[in-house]
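Colleague: Build the 3D model from these lines:
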Amino acid sequence: MKRVLIDASSAILLYKADIFKDMAEHYLLMMVPTVFREITVAHRDGAEVFGQAKEAGKIRMAVPINACGSDAVTASLHAGELETIKAYHSINAHFIIMDDGKGARVCRTLGIPYVNALLCPGILYLSGKINQETCQSTFGYLRKIGRYGDDVICFAEQADRIGLASFFP
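Modeller: Numbering: from 1, shown residues only. Presented below is the predicted three-dimensional model:
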């Protein structure tokens, strides 16, 4: 099972779009403690579900290491995204799910494979894990609630099996 690090905004988006459980079913989702604390604040959307997922072993904790690139590259990141990127190498993750624009730029700079939550329905559909109707409705909802630019939406709409295959479960 692929080890995938996920940031807080992506986890919350996937929860709201009702696809978090599908991702947790097909991937070993990992979070740094900072991210887990952020998404399990009482009365936050999904807090109880995330806590239960951790108890069930569907979310595992990842400990970041310090080496992930120069401070100049990572200086503008929030703690959760910074620690997620640092943890990538320490747990030998396959990729990161990150919806933070600055975090995505750092992943590109450091050569770390990543996707955003908007790509997750397509990945699950193209790998045969969900049906087309679920993919389309989930994609539409994520597009509506996420803060995605036109270029990101266009990329996600055009993503195909070949382009996403390395992210398949």
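Colleague: which residues touch the closest residue to residue 95 other than its chain neighbours?
Modeller: Computed as C-beta to C-beta, 6 or more residues apart in numbering, the closest residue to residue 95 that is not its neighbour in sequence is residue 113, at 4.1 Å. C-beta here means a position set from N, CA and C on the backbone, and glycine is covered the same way. The neighbourhood of residue 113, defined by C-beta atoms under 8 Å, 6 or more residues apart in numbering, consists of 94-96, 107, 166-167.
Colleague: how about a cut-off of 10 Å?
Modeller: Counting by C-beta atoms under 10 Å, 6 or more residues apart in numbering, residue 113 touches 4, 88, 93-96, 107, 166-167.
Colleague: right, and residue 95 touches residue 5 too?
Modeller: Yes: with contact defined as C-beta atoms under 10 Å, residue 95 and residue 5 form a contacting pair (7.8 Å).
Colleague: Settle it for me: which of the two has more neighbours?
Modeller: Shown here are residue 95 and residue 5; by other C-beta atoms under 10 Å, residue 5 has more neighbours (27 against 19).
Colleague: With just CA atoms, put the helix or strand where the more buried one lies into PDB.
Modeller: If you go by DSSP states H and E, residue 5 is part of strand 3-6. What follows is strand 3-6, C-alpha atoms only, in PDB (Å, rounded to 0.1, in the frame of the first residue of the first chain):
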ATOM      1  CA  ARG A   3       2.400   5.700   1.800                       C
ATOM      2  CA  VAL A   4       0.900   9.200   1.200                       C
ATOM      3  CA  LEU A   5       1.400  12.300   3.300                       C
ATOM      4  CA  ILE A   6      -1.500  14.600   3.400                       C
END
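Colleague: Tell me the first helix or strand C-terminal of it.
Modeller: As assigned by DSSP H and E, the chain's next helix or strand after strand 3-6 is helix 8-16.
Colleague: which residues of the protein fall in helices?
Modeller: When assigned using DSSP state H, the helices of the chain occupy the ranges 8-16, 20-26, 33-39, 47-55, 71-74, 79-90, 101-110, 120-126, 132-145, 150-158, 161-164.
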